[in-house]
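# Return a 3D structure for these sequence lines:
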Amino acid sequence: MEGGELTHSRFEAVDLAKLIAAAAVVWIHVTNCDDSRAFLPLCRFAVPFFTCVAVYFVLHKVYAHQVPFGTYCLERARRLYVPFMLWSGVYLGARLLKHAVVGFGQPVVFSPAVFLNGTAHHLWFLPFICLVSIITYGLARSFPQPSAPHRRWWVLGCFIAGIAWALTPCPIVLHSAEFPLSYFIDHAWEAVPAAFFGAALFWLLSDFRPETSQRWTVLGIGAAIVVAEFFSDGHPILPNLAGASLLFFTTTQPNRNWTTALWPWAQLAFLIYLVHVLFVEALQTVVMRFDGTRSLSADLSVWALALLVSALAARGLLRFEKLKWAFPR
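Model (predicted):
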């Protein structure tokens, strides 16, 4: 993810929010019964937040470093798509092992779409964010940086574009079996509004430094949006607005002693996102084999254990310097 290259002393709150978002993604993939799915509205902000963060820091890089476009494309592919291919192989092996040992599990559909979908249901985000980063970087370099009086129009334009995209139904119907690529298109379509909102926040915060009351007001609005999701039947714009409000709050927060203390764990967020499905599926297999019940308490147990083990595994993996190329950044 873009932003990991910046010093943690400046963006500790953003990294902590990434950790919260990673925990939310784990819950999304844990839910195994209706009682658990009732809490999904609390978690739908996660992918939009990750998308907002990526675009926000891509634009920072455009104007801070001016890396040639071709060099940037190769860098993004190395840091995002190469790990995607490696972990697709890891998850393919895990799926085949699961079928061989327990005789059930979601089969992998082999088609050219696997180069965007991956071999596990969460891996699509790596090619997506790679493409979004490259497109954002290319578009930003194609236009001169707007002057301060014009930035408000860029903010408004990006915000309206995000709303318009969110309100436009995806032109491709999701049919993973008949048209495997529809899985990537459907998920990417839902996340694109957050990319526009991330750009809007970049232009807004280029000149505007909110006061404490304004920051907390925006966070409160984001919390109200999350609550509204319980009554909206999955309205597409709400998770994107919630993710953007969290980014607004965290990018404008001063660092504190407690954020510095937690930062070593917070920096593991995206690696937790990457590895957690291995542990979620393993724990769910154990539960189904020896208990067989589907309940909120069982899902909470799997969620807590999978999150803990994923964090420990992520921290352990990062100790190996020679393996860092295998982890998204």
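
# how many neighbours does residue 155 have?
As a burial measure, residue 155 scores 21 neighbours (other Cβ atoms under 10 Å). Any C-beta I mention is one placed from the backbone N, CA and C, and that applies to glycine too.

# residues in contact with stretch 196-215?
For stretch 196-215, contacts defined as Cβ atoms under 8 Å, 6 or more residues apart in numbering pick out 48, 51-56, 59-60, 136, 146, 148, 151-152, 154-156, 158-159, 161-162, 165, 218, 240-241, 243-244, 247-249, 251-253.

# Filter these down to the buried ones.
Buried members of the contacts of stretch 196-215, scored by 16 or more other Cβ atoms under 10 Å, are 48, 51-56, 59-60, 136, 151, 154-155, 158-159, 161-162, 165, 218, 240-241, 243-244, 247-249, 251-253.

# Restricted to helices, list those residues.
Among those, the members falling in helices (DSSP state H) are 48, 51-56, 59-60, 136, 151, 154-155, 158-159, 161-162, 165, 218, 240-241, 243-244, 247-249, 251.

# looking only at pLDDT, what's the mean for the helix or strand hosting residue 18?
For residue 18, the host element (DSSP states H and E) is helix 12-30. Mean pLDDT, helix 12-30: 93.

# Kindly format the C-alpha coordinates of whichever helix or strand comes after that helix as PDB.
Using DSSP H and E, the next helix or strand after helix 12-30 towards the C-terminus is helix 34-37. The C-alpha trace of helix 34-37 is given here as PDB (Å, rounded to 0.1, in the frame of the first residue of the first chain):
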ATOM      1  CA  ASP A  34     -27.200 -14.900  10.000                       C
ATOM      2  CA  ASP A  35     -26.500 -13.600  13.500                       C
ATOM      3  CA  SER A  36     -22.900 -12.800  12.500                       C
ATOM      4  CA  ARG A  37     -23.900 -11.300   9.200                       C
END
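
# sec struct for residue 233, please.
Put simply, residue 233 is coil when judged by DSSP: H, G, I helix; E, B strand; the rest coil.
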